[in-house]
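S.K.: pasting the sequence and the predicted coordinates here, then a few questions.
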Amino acid sequence: MAREYKIEDYRNFGIMAHIDAGKTTTTERILFYTGISHKLGETHDGASTMDFMDQEAERGITIQSAATTCFWPGRDGKKRRLNIIDTPGHVDFTIEVERSLRVLDGAVCVLDSNQGVEPQTETVWRQGDKYNVPRIIFANKMDKTGADFYMCVEDIKAKLGARPVPIQIPIGAESDFRGEVDLIKMKGYVWGGDDKGATVTEIEIPSELLERAQEFRASMIEAAVEMDDAAMEAYLEGSEPDEDTLRKLLRKGTISGAFYPMVCGSAFKNKGVQPLLDAVVDYLPSPLDVPAIKGINPKDETVMERKSSDDEPLAMLAFKIANFEHVGSITFCRIYSGKVEQGVSLLNSTRDKKERVGRMYMMHAEDRKAIENAYAGDIIALQGLKDTRTGETLCDPTKPIILEKMEFPDPVIEMKIEPKTKADQEKMALALNEMALEDPSFRVSVDQESGETILKGMGELHLDIKVDILRRTHHVDANTGAPQVAYRESLARASEIDYTHKKQTGGTGQFARVKMRLEPNEIGGGNVFASEIVGGSVPKEYIPGVEKGVKSVWETGMLIGFPMVDMKVTLFDGAFHEVDSSAIAFEIAARAAMREGCEKGGIKLLEPVMDVEIVSPQEFVGGIIGDVNSRRGQIRSQEMRGNATVIKAFVPLANMFGYINTLRSMSTGRAQYSMQFAHYAEVPRNVADEVKAKYA
Ligand SMILES: Nc1nc2c(ncn2[C@@H]2O[C@H](COP(=O)(O)OP(=O)(O)OP(=O)(O)O)[C@@H](O)[C@H]2O)c(=O)[nH]1
């Protein structure tokens, strides 16, 4: 079957925002207006189409990004194919945001018009910057008390350093929000009150808004004509671009990242969603508008490029693995180039393993439609892949390519878990393994000595939800320990060690001598092993043994057993014996040298520190600051946002457990907070002693 929609008519985009800004509601409305969903579900009553996992519906948050396909006509009446990914807003799950941004060409950034740019908006915005994702801004919740479109415009400039270009301004605000002025057409549009926003009436711009509309239109045109010399010249001579040209120039500026078109509305009140869809079609890129994807030829490591075209060899990226009851494991893939057909063999080039395409689906939230063919630009779901994990490449076996890898942060929190009944031990292990495959920021390990299972993740809520999934989806009830901070160990001062490992036991002996330099690396610099051996004092074949010994100490740590980070180890001399030396002997020598060197240089304990933002009414600020200080927090700033105070602080994660309860009781539930990982920092001596005593 030939492709139905041209690749230039695709819009692969994500919806990103701070928690509760209204991503899910906006996506729901989009599905409604595009005819995919027939009900208008309220996200928090469990009737929502996008939040289909029980956990999501109950907690009212989106934890699993779901891909969904829908269709919307452009101005020429021809339908465009929209592939949407709903991304989560909670800080524990930024990984989901990151991997969505990796496979999408554009994004809609949803703001709560009453809040402006919130901490997580800033985080996802910076992630968007990292991947050069063109964006449209949707100022949602215009109906809410305190909603202020113009505050949002200023906030974007101040906090994100970005250039918003409103292409609409609101008519009314808060409970009086009625519609918007389209600055391109210079007309007003108001929505019908009780028929789900389906009727839109065109009106003249209300006189009290005319001056403001003219002013914003002028800045919009100025931004647009900067994209084209001829248009700029004409504009300077007094002639404005026509509607079509204006949209083309705005599209160019959006795709190049010069600015961000901004619209407004209220998803909840069904206002402004259709114009948002028009803006997606008008301004967000098609797969042809973004640079061709790069990858590496696994045969010779050369860099290759694949254009967004069906005629190129197949290359797709698995960006999400999810489990569905009755269906099993589903792998979400973005096809960058080429075509794929049901039943064909593929190569997982990352692992050099064969895969076979079983069933293939186009997804509509939890509904799926079986398809037989898929093309460049498509986002599809594959059933029955065996060995493919998130971030891996699937491609034409005769034209292998490995697409750019995704980066995943290391977990900062861990927790012991054991099944309530011994019989469930194996079932739990299988389930946890499967869950770790789905989510690369979630890890599972078994403590060698105690045999205990340990879960590692990005935050309390992250692990909480995993335990919930274990119970509901995999029917394993488990007891969990208190969440613990994932500490790190690092070298305090440089040291040099000369160590000889010698053993004579009857037959062949063991001999290895290593001279190593241990140095602290800069924070975030990672672990580095290097060899400066030139004259063969340690033969080449034994150097991997030395490296192995060094790495094993990095993994197991020296002080309490947490991994060591940011350390440089250099092997600069040594000696060997013709008969008695071996890679094993050098591994043992290196391990012992590391231990001695670490003792000599001293070990410091590092802890994750969080970037915390608390928003509170003024009356509670004194108490909140006092409490933050008592948590070893460091207040960084305090400023007003609207009538609330925003407190920013660095606080060790170890002191943030259960913080939400304290904050609620301190502020009669009125203050809110959010946090994200900032950096690792040295633990003060007295606290380090406590931690050591606890783990001893
Ligand atoms: N007043 C008002 N409330 C809205 C609007 N859009 C969403 N809400 C409400 O805001 C809350 C959060 O909306 P969601 O759509 O779940 O937000 P989200 O960004 O998907 O949230 P997470 O998935 O948890 O990050 C819900 O109670 C919505 O009903 C709006 O336009 N106006």
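M.R.: Arrived safely, thanks for sending. Note that the structure is predicted; figures quoted are calculated from it, not measured.
S.K.: now do the same end-to-end measure for stretch 302-318.
M.R.: The separation between the terminal residues of stretch 302-318, taken as CA to CA, to the nearest Å, is 22 Å.
S.K.: flag every buried residue along it.
M.R.: By neighbour count with 16 or more other CB atoms under 10 Å, stretch 302-318 contains the buried residues 304, 306, 308, 309, 312, 313, 314, 315, 316, 317, 318. For every residue, glycine as well, the C-beta is placed using N, CA and C.
S.K.: before we move on, which element is the residue nearest the centre of the chain in?
M.R.: Centroid-nearest residue in the chain: residue 98, 2.5 Å away (criterion: CA atoms, centre = their mean). For residue 98, the element it lies in under DSSP states H and E is helix 94-103.
S.K.: next SSE downstream of that helix?
M.R.: Counting by DSSP H and E, what follows helix 94-103 is strand 106-112.
S.K.: now do that next one: which elements does it pack against?
M.R.: Helices and strands touching strand 106-112, by 3 or more CB pairs under 8 Å, 6 or more residues apart in numbering; DSSP states H and E, are strand 10-17, helix 23-33, helix 119-130, strand 135-140, helix 273-283.
S.K.: repeat that with 6 Å
M.R.: Where contact means 3 or more CB pairs under 6 Å, 6 or more residues apart in numbering; DSSP states H and E, strand 106-112 is packed against strand 10-17, strand 135-140.
S.K.: pull up the pairing partners for the first one, direction included.
M.R.: Strand 10-17 pairs in its sheet with strand 79-86 (parallel), strand 106-112 (parallel), by DSSP bridges.
S.K.: lowest-confidence helix or strand of the protein?
M.R.: Ranked by mean pLDDT, DSSP states H and E, the weakest helix or strand in the chain is helix 54-59, scoring a mean of 49.
S.K.: now do stretch 651-667, average pLDDT.
M.R.: Across stretch 651-667, the average pLDDT comes to 89.
S.K.: quick one: end-to-end length of that stretch, please.
M.R.: End-to-end for stretch 651-667, by CA to CA: 19 Å.
S.K.: what bridges to the nearest residue to residue 209 once chain neighbours are set aside?
M.R.: Spatial nearest neighbour of residue 209, excluding adjacent residues (CB to CB, 6 or more residues apart in numbering): residue 181 at 6.1 Å. Per DSSP bridges, the residues bridged to residue 181 are residue 169, residue 188.
S.K.: measure how buried residue 181 is and give me the count.
M.R.: Residue 181: 26 surrounding residues under other CB atoms under 10 Å.
S.K.: can you list contacts of the strand or helix carrying residue 514?
M.R.: Residue 514 belongs to strand 510-520 when elements are defined using DSSP H and E. Identification of contacts with strand 510-520 by CB atoms under 6 Å, 6 or more residues apart in numbering yields 491, 494-503, 568-575, 577, 580-581, 585-586, 589-590, 593, 597, 601.
S.K.: and the helix or strand just after that strand, how far out from the chain middle?
M.R.: Sequence-wise, the next helix or strand downstream of strand 510-520 (DSSP H and E) is strand 528-531. Chain-centre distance of strand 528-531: 32 Å, with CA atoms, centre = their mean, to the nearest Å.
S.K.: what sits against the residue nearest to residue 209?
M.R.: 169, 188, 205, 213.
S.K.: closest to residue 641 out of those residues?
M.R.: Proximity of the contacts of residue 181 to residue 641 (CB to CB) peaks at residue 169, which lies at 21.8 Å.
S.K.: other SSEs contacting the helix or strand containing residue 254?
M.R.: Per DSSP H and E, residue 254 falls inside helix 243-256. Packing contacts for helix 243-256, counted by 3+ CB pairs under 6 Å, 6+ apart, involve helix 207-225, helix 273-283.
S.K.: who does the helix or strand following it touch, helix- and strand-wise?
M.R.: The element immediately downstream of helix 243-256 (helix or strand, assigned by DSSP H and E) is strand 260-264. Contacts defined by 3+ CB pairs under 6 Å, 6+ apart place strand 260-264 against strand 135-140, strand 164-166, strand 168-171, helix 273-283.
S.K.: contact partners of the second one?
M.R.: I take that to be strand 164-166. By CB under 6 Å, 6+ apart, the surrounding residues in contact with strand 164-166 are 137, 153, 156, 216, 220, 223, 259, 260, 261, 262.
S.K.: and what of the first one?
M.R.: Contacts to strand 135-140, defined as CB under 6 Å, 6+ apart, come from residues 22, 107-111, 113, 128, 149, 152, 164, 260-264, 267, 276, 279, 283.
S.K.: returning to what we had before: which of the buried residues of stretch 302-318 fall within strands?
M.R.: Of these, the ones assigned to strands by DSSP state E are 304, 306, 315, 316, 317, 318.
S.K.: nearest spatial neighbour of the second one, chain-adjacent residues omitted?
M.R.: Which is residue 306. Per CB to CB, 6+ apart, closest to residue 306 is residue 337, 3.9 Å.
S.K.: what number of residues lie near that neighbour?
M.R.: 28.
S.K.: got it, and the one 3 residues further on?
M.R.: By the measure other CB under 10 Å, the count of residues near residue 340 is 25.
S.K.: could you say which helix or strand contains it?
M.R.: Counting by DSSP H and E, residue 340 is part of strand 339-341.
S.K.: which element follows that strand toward the C-terminus?
M.R.: Remark: after strand 339-341, the chain's next helix or strand is strand 345-348, criterion DSSP H and E.
S.K.: what strands line up against that following strand, and which way round?
M.R.: So strand 345-348, judged by DSSP bridges, has these partners: strand 353-356 (antiparallel), strand 393-395 (antiparallel).
S.K.: which other helices and strands contact the helix or strand that residue 468 is a member of?
M.R.: Per DSSP H and E: residue 468 is located in helix 460-472. Secondary-structure packing of helix 460-472 (3+ CB pairs under 6 Å, 6+ apart): helix 54-59.
S.K.: could you look up the SS state of the residue of the stretch 151-300 of the chain found nearest the ligand?
M.R.: As assessed by CB to the nearest ligand atom, the ligand sits closest to residue 268 within the stretch 151-300 of the chain, at 3.2 Å. Three-state assignment for residue 268 (DSSP: H, G, I helix; E, B strand; the rest coil): coil.
S.K.: residue 298 too?
M.R.: Applying three-state DSSP: residue 298 is coil.
S.K.: give the contact list for it.
M.R.: Residue 298 touches 349, 400, 402, counting by CB under 6 Å, 6+ apart.
S.K.: my read: the first one touches residue 402, true?
M.R.: Yes: contact between residue 349 and residue 402 holds when scored by CB atoms under 6 Å: they sit 4.9 Å apart.
S.K.: what touches both of those two?
M.R.: 298, 393.
S.K.: so which bits of the stretch 101-250 of the chain are right by the ligand?
M.R.: Residues of the stretch 101-250 of the chain found near the ligand (CB under 6 Å from any ligand atom) are 140, 141, 143, 144.
S.K.: how much space is there between the nearest residue to residue 265 once chain neighbours are set aside and residue 139?
M.R.: Computed as CB to CB, 6+ apart, the closest residue to residue 265 that is not its neighbour in sequence is residue 272, at 1.9 Å. Separation of residue 272 from residue 139 (CB to CB, to the nearest Å): 9 Å.
S.K.: ok, back up a step: buried deepest among the helices and strands packed on strand 260-264, which one?
M.R.: Counting by mean count of other CB atoms under 10 Å, strand 135-140 has the highest mean neighbour count of the helices and strands packed on strand 260-264, with a mean of 28.
S.K.: for it, list the C-alpha coordinates in PDB.
M.R.: Provided in PDB are the C-alpha atoms of strand 135-140 (Å, rounded to 0.1, in the frame of the first residue of the first chain):
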ATOM      1  CA  ARG A 135       8.300  25.400  19.600                       C
ATOM      2  CA  ILE A 136       4.900  27.100  19.800                       C
ATOM      3  CA  ILE A 137       3.700  28.500  23.200                       C
ATOM      4  CA  PHE A 138       0.200  27.900  24.300                       C
ATOM      5  CA  ALA A 139      -0.900  30.100  27.300                       C
ATOM      6  CA  ASN A 140      -3.500  27.800  28.700                       C
END
